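Q: structure of the sequence below:
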Amino acid sequence: MVIAGLSFAGLLIVVIIAAELIGGMTRKKVDTSEGLQIIEQAEAAEVTAIETKIQNLEEQEKKEAEAEDTRSIKEIFTSAVVMGDSITAGFAEYDILNASSVVAEIGVGLEGTEDQIKKLKEINPQTVFLSYGMNDILSTKGDTDTFIENYKSVIKEIQKEVPNTKIFINSIFPVSRQEKEKEPAFEQLDVYNEALREMCDKQQIAYVENTELVSDRYYEEDGVHFKPDFYPIWAKRMAEVAAL
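A: Predicted structure coming up:
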C-alpha cells in the first residue's frame, strides 16, 4: 500500500509539472509593443517641439537681421568719428557724414596727429575709426616696425585723452595698378596691412578689413582717392563691424 501510494504521488507530481510546462508554452506572452510605441511617440513629440522652438528663434533672428535700417548714414555715425588723412576727408567733402563725425587732414601721417587728437577730445565720441597708412607707407619706405610703433603711439594718446571711446582700425586701402607702377613703395601695402592686423590682435582692437570693397570703378583719376559713391559702402562696413 505504501509503495502504491508513493507511485501515485510521483505520478501526480509528473502530471503537475507537465501541466505547468504546457501552460507556460501556451500562456500568452505580454505584448510590450504598444507601450514602447507610446514612449517613442512622446520622445518624438518632445524633439519636434524643441526643433520647432529652435527654428522659430532662428527665423526671428533672421528677420531682425534683415530688418531695414531706416537711419541715414549721418544718423548712424552721430556718436562716431572717422579720423584720418585725405581719403577720410572725402566723408566731409562729399557730405556723406556730418562735419562733427570727421577729423581729417590732407597729407597727414601718424606722426602729425596732435591737432586731430585735440579735436577728437573736444568731440568725445563713443567710437572712433582710425584710417592712416597711405602717407606713412611713403614716409617709412618699407619700415613696418616704425609704422607700427607710430600707430601704437597714436592709439596710446587717444586712449589717454578719450579713455571711454572705443577704437577701430581701418585697413589701408589698395591703390590702382597704375599707381603701384608709378610709386613702387605701394608694392608693400599688403605687408603693412598684415603688420597692422597683427598689431590689432595684440592690442585687442577691432580691425576693419576694407580691401575687398575696392574696385577700379571707385577710384579717382589718381588711383588713390575715391569717388563719392564709395563712401557709403565704406561707412556701412565700419558700421557693421562696430554694430553702430
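Q: next SSE downstream of the helix or strand harbouring residue 147?
A: Here residue 147, judged by DSSP states H and E, is contained in helix 144-161. Remark: after helix 144-161, the chain's next helix or strand is strand 166-170, criterion DSSP H and E.
Q: just the strands in the protein please.
A: Taking DSSP state E to define them, one finds strands in the chain at 80-84, 102-104, 127-131, 166-170, 206-208.
Q: what's around the spatially closest residue to residue 231 that is not a sequence neighbour, how many residues?
A: Distances taken as Cβ to Cβ, 6 or more residues apart in numbering put residue 96 closest to residue 231, at 4.3 Å, once the chain neighbours are dropped. Backbone N, C-alpha and C define where each C-beta goes, glycine included. Neighbourhood size, residue 96 [other Cβ atoms under 10 Å]: 22.
Q: do residue 186 as well
A: The number of residues packed near residue 186 is 22, by other Cβ under 10 Å.
Q: who touches the residue nearest to residue 231 in this structure?
A: 73, 74, 90, 228, 231, 232, 235 (Cβ atoms under 8 Å, 6 or more residues apart in numbering).
Q: from those, which land in helices?
A: Judged by DSSP state H, the contacts of residue 96 include 73, 74, 90, 231, 232, 235 as members of helices.
Q: close enough to count as contact, residue 150 and residue 111?
A: Yes. With contact defined as Cβ atoms under 8 Å, residue 150 counts as touching residue 111 (5.8 Å).
Q: the nearest residue to residue 206 once chain neighbours are set aside: what's it in contact with?
A: Nearest residue to residue 206, sequence neighbours excluded (Cβ to Cβ, 6+ apart): residue 168, at 4.8 Å. Residue 168 makes contact with 127, 128, 129, 130, 205, 206, 207, 208, 238, 241, 242, according to Cβ under 8 Å, 6+ apart.
Q: please name the residues that touch residue 94.
A: Residues near residue 94 by Cβ under 8 Å, 6+ apart: 228, 231.
Q: just the pLDDT for it.
A: At residue 94, the model reports a pLDDT of 97.
Q: from residue 37, how far off is it?
A: Noted for residue 94: a distance of 70 Å to residue 37, by Cβ to Cβ, to the nearest Å.
Q: same deal with residue 92?
A: According to Cβ to Cβ, residue 92 and residue 37 sit 72 Å apart.
Q: neighbour count: the two, which is higher?
A: Neighbour count, other Cβ under 10 Å: between residue 92 and residue 37, residue 92 has more, with 18 against 10.
Q: and the residue lying closest to that one once chain neighbours are set aside, how many residues sit next to it?
A: Spatial nearest neighbour of residue 92, excluding adjacent residues (Cβ to Cβ, 6+ apart): residue 102 at 4.2 Å. By other Cβ under 10 Å, 21 other residues sit near residue 102.
Q: need the contact list for residue 102.
A: Counting by Cβ under 8 Å, 6+ apart, residue 102 touches 81, 82, 83, 88, 89, 91, 92.
Q: can you put the residues you listed in a markdown table and add distance to residue 179?
A: As requested, these are exported to a markdown table (distance: Cβ to Cβ, whole Å):
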| residue | distance to residue 179 |
| --- | --- |
| 81 | 28 |
| 82 | 23 |
| 83 | 24 |
| 88 | 18 |
| 89 | 18 |
| 91 | 21 |
| 92 | 24 |
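Q: in the residues you listed, which residue is surrounded by the most others?
A: Ranked by the number of neighbours (other Cβ under 10 Å), the contacts of residue 102 place residue 82 first, at 29 neighbours.
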